[in-house]
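Asker: Next input, structure requested:
(2 chains)
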Amino acid sequence: MSKKQAFQLYLGRIATILSNWSVVFCVLAASILVSFMLYAFYLLILLIIPLVTLGVIFLYVPDYGSWFGAGNNFINFLDSLTPALPYLAVAGIVCALASFILFFFTHKKSVPHMVFSGIITVISVMLLIGGLVS
Amino acid sequence: MKQVDIKIINTAGLDLYAKIDGKVVKTKVNRYGHTTIHHETEKDEIEISLCSFYELQSKWWFLTSIFFFIISAFGILDQHKKKNNYVFTYQAKMTQIKPQESVKIILKKQKDETTKAAVEGTATLQESINSYKEDPIIDKRRTILKFTKLGLWVALIAVCILIVVLKFGK
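Answerer: A predicted model of the protein is given here:
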């Protein structure tokens, strides 16, 4: 095993880690952008629970109605995260591009990984544009 | 052009490097986790060299492992490979190559003293090295790393608790 091959092995590992980081940044950015959908989902769950429990929930939680108001705190929290959206998207783009380039120099040149990094880059760019527009 | 196909069975957890006539050749891992090599040549004989490599065999194994552990968010975002502590080294000369040759090298973990990979196929091979055996150093280093990582996790949790107590403890 030459030093070059060992170096390629390390590059592959760094590329995998960067690829995983890009997914994390992308998911965080996307969840901020679609926070209104999460709020809608929260309300939907609150509406479904009484139906599923046939109203028994009101016996055990008398102030169940106040839970709907609690959603405001949730959306306020997500709103406070909005300024972080462009930074997360840029971090996602940087990590995905870096992993794409590093995969190119590794021993096995994993094409699925490179395609995946490319897709994450495109999604991150879309999130960045979405974040800047909104 | 003569076609040579080499298939190495049970290579899960192995980073395998292949050289034919001194040149690094591309290896592929198929859906069953076996490594395959396809080579085309005009020659009547070729020199095949295969070897496995672990990060834990390198000189800076501890530093590199800890570095990767930290940058991967304490191992959460790291690549998860199947653990293997068997080292494979193979060197052979393939002679009288026919238009279509295939070799199957089977790596089987043996408890007894059989420390060779089984070779099947149509090709004529003159082996100079064939070794597939357990490396106790890898196991030892892996155990050291396991406890170090555990210690780092405990330290991280302790720091988190300390921050929470200092900030909200009043």
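Asker: Just list the residues touching residue B:134, thanks.
Answerer: Listed by CB atoms under 8 Å, 6 or more residues apart in numbering or on different chains, the contact partners of residue B:134 are B:85, B:86, B:87, B:109. Bear in mind the C-beta positions are built from the backbone N, C-alpha and C, glycine included.
Asker: What's opposite it in the beta bridge?
Answerer: Counting by DSSP bridges, residue B:134 forms beta bridges with residue B:86.
Asker: and it, how far is that from residue B:147?
Answerer: Relative to residue B:147, residue B:134 is positioned 21 Å away (CB to CB, to the nearest Å).
Asker: With residue B:53 instead?
Answerer: Distance, residue B:53 to residue B:147, by CB to CB: 24 Å.
Asker: So which of those two has more stuff around it?
Answerer: More crowded of residue B:53 and residue B:147, by other CB atoms under 10 Å in any protein chain shown: residue B:53, with 19 against 9.
Asker: Find the residue closest to the residue in chain B that chain A sits nearest to in space, skipping its chain neighbours.
Answerer: Among the residues of chain B, residue B:77 lies closest to chain A, at 3.8 Å counting by CB to the nearest CB. Excluding the flanking residues, the one nearest residue B:77 by CB to CB, 6 or more residues apart in numbering or on different chains is residue A:20, at 3.8 Å.
Asker: helices and strands around the host helix or strand of that neighbour, which ones?
Answerer: Element membership for residue A:20 (DSSP states H and E) is helix A:3-33. If contacts are counted by 3 or more CB pairs under 8 Å, 6 or more residues apart in numbering or on different chains; DSSP states H and E, helix A:3-33 sits against helix A:85-105, helix A:111-133, strand B:46-53, helix B:61-71.
Asker: picking up where we left off before, near the residue nearest to residue B:77, how many other residues are there?
Answerer: Other residues near residue A:20 come to 17 when the count uses other CB under 10 Å.
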